[in-house]
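K.L.:
coordinates for the following, if possible.
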Amino acid sequence: MHGGSISPGEIKKMLSSQLDRVKVTEEIFVKLRNCIASNTGIKNLQHVHQFERDAIKVLLQQNPSEPVQSQACALVEKMQDLSGVKLTSEFDSYPLQSADADLLKEHGFEVGCHVSRKDGILAKVQAFEDGTSMVVLAMDDAKGGSKVVKVDAASFLKGQWTKYQPKALPQYMENWWGPSCLEHKDSSYVKGKIAQELRQATICSCKPSALLIRCKPGKGVIAALKFGKGQLKLFPFTNRVDAGKGGDGAVLVTTVGGMEFYLRQSTGITVPFWHVASVADAAMAKMEIVPAKNKDGLLEGIKIPYMRNIAPLEPDTELLIYKPPSKTRVSTESLDKLIPAKRLHGKENLS
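P.N.:
Model prediction:
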């Protein structure tokens, strides 16, 4: 075997200029054999046939979405494995200084995309450095802050970095306390009355920015500020509160503290009370329902049930209220003591 190392420049140039238009595969294989033999001293290329089978997939464009230039680089890497000779550099004669951004974009790497390295490092492509083959990445550091690093574009083409889709962050409603414009004057009037009640009831115990209403994934209310025990009060707020049956135009009927609430979506108002998530474990509950017969008289002595915190709330604490499991839940037999099917024989086999 020849003592020198192979420079892949000419091979890549030859491949990149012919891969996209070659029609006779034997023509390029002859050049590959001659190139390997002249650079490595290998005369008996017993393993080249395997390389041909791998390369023919590229030559027949079975992966047309992959750029020709990167296909050429992949073939050169395969030749390195076959010859056992270390290439001087896989990108010696193909500097990416002028085309790094375009080449990486062909692979799906664009500014703003999230990438993951094989060792679990996560980052975000911030920019492609002009005049170089460096990719600028933004990532979190060990102290909880952020840092900017530069990585050679070659590592992306070698597959050391892959794109990934980060998990969606929770979405919160913006300005849930603000009015929403409605064209219908009657609806606007009703909405205005409701807004007054909402401010007098719920917001009197906290300013709007003290609560975050999560809309995805799943409903929920998060305390953004600190609350002492019993300081936070959330009132059920609708455009109609009745203790009887009926509810013209109602889209939802629910019962709280023995009273029925008819909810209409047309008012366009978001009320924190209806977004508090429930939990089956009473020990986890942070909120409780105070029944309608309470001492808090609202709007000329009208009394309605409300929700309050039964434990101090720290910032970023989710408000949870205890809801016992449904009595209609079907009980299922425990499977812990069942014999696995593979241990059963004869008549004991499961049908």
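
K.L.:
mind giving me the domain split of the protein?
P.N.:
9-83, 100-163, 172-322 (automatic domain parsing).

K.L.:
would you single out the least confident of those?
P.N.:
Per-stretch mean pLDDT for the domains of the chain is lowest at domain 9-83 (a mean of 54).

K.L.:
what's stretch 146-153 in contact with?
P.N.:
Residues from elsewhere that reach stretch 146-153 (C-beta atoms under 8 Å, 6 or more residues apart in numbering): 96, 100, 103-104, 123, 126, 128-129, 133-141, 161. Heads up, the C-betas are built off the backbone N, CA and C, glycines and all.

K.L.:
next up, the contacts around the residue nearest to residue 219 when sequence neighbours are not counted.
P.N.:
Nearest residue to residue 219, sequence neighbours excluded (C-beta to C-beta, 6 or more residues apart in numbering): residue 275, at 4.7 Å. Residue 275 sits next to 213, 214, 219, 220, 221 when contact means C-beta under 8 Å, 6+ apart.

K.L.:
could you please name the strands the helix or strand where the last one lies pairs with and the direction of each pair?
P.N.:
When elements are defined using DSSP states H and E, residue 221 is found to belong to strand 220-223. Sheet pairing of strand 220-223 (DSSP bridges) gives strand 211-216 (antiparallel), strand 317-318 (antiparallel).

K.L.:
what's the first helix or strand after it?
P.N.:
Using DSSP H and E, the helix or strand that follows strand 220-223 in sequence is strand 233-234.

K.L.:
sheet partners, orientation included, of that next one?
P.N.:
Strand pairing (DSSP bridges) places strand 233-234 next to strand 306-309 (antiparallel).

K.L.:
which residues sit against the partner strand?
P.N.:
Counting by C-beta under 8 Å, 6+ apart, 201, 227, 229-236, 273, 276, 286-290, 294, 296, 319, 321 sit against strand 306-309.

K.L.:
surely residue 310 meets residue 287?
P.N.:
Yes: the criterion here is C-beta atoms under 8 Å, and residue 310 meets it with residue 287 at 6.6 Å.

K.L.:
who has more neighbours, these two?
P.N.:
Higher neighbour count among residue 310 and residue 287: residue 287, with 22 against 13, using other C-beta atoms under 10 Å.

K.L.:
for that one, what are phi and psi?
P.N.:
phi -130, psi 160 (degrees, to the nearest 10).

K.L.:
and if you look at residue 284?
P.N.:
Here is the backbone geometry of residue 284 (degrees, to the nearest 10): phi -90, psi -10.

K.L.:
so who does it touch?
P.N.:
320, 322.

K.L.:
can you tell me how far it sits from residue 319?
P.N.:
11 Å (C-beta to C-beta, to the nearest Å).

K.L.:
same thing with residue 285?
P.N.:
9 Å.

K.L.:
higher neighbour count, the two?
P.N.:
residue 319 (23 against 18).

K.L.:
find the nearest non-adjacent residue to the more buried one, please.
P.N.:
residue 221 (4.5 Å).

K.L.:
hang on, that neighbour packs against residue 320?
P.N.:
No: contact criterion C-beta under 8 Å: residue 221 and residue 320 do not qualify, at 9.1 Å.

K.L.:
what is in contact with those two at once?
P.N.:
276, 277.

K.L.:
settle it for me: which of these two has more neighbours?
P.N.:
Neighbours per residue (other C-beta under 10 Å) separate residue 221 from residue 320, with residue 221 holding more: 27 against 17.
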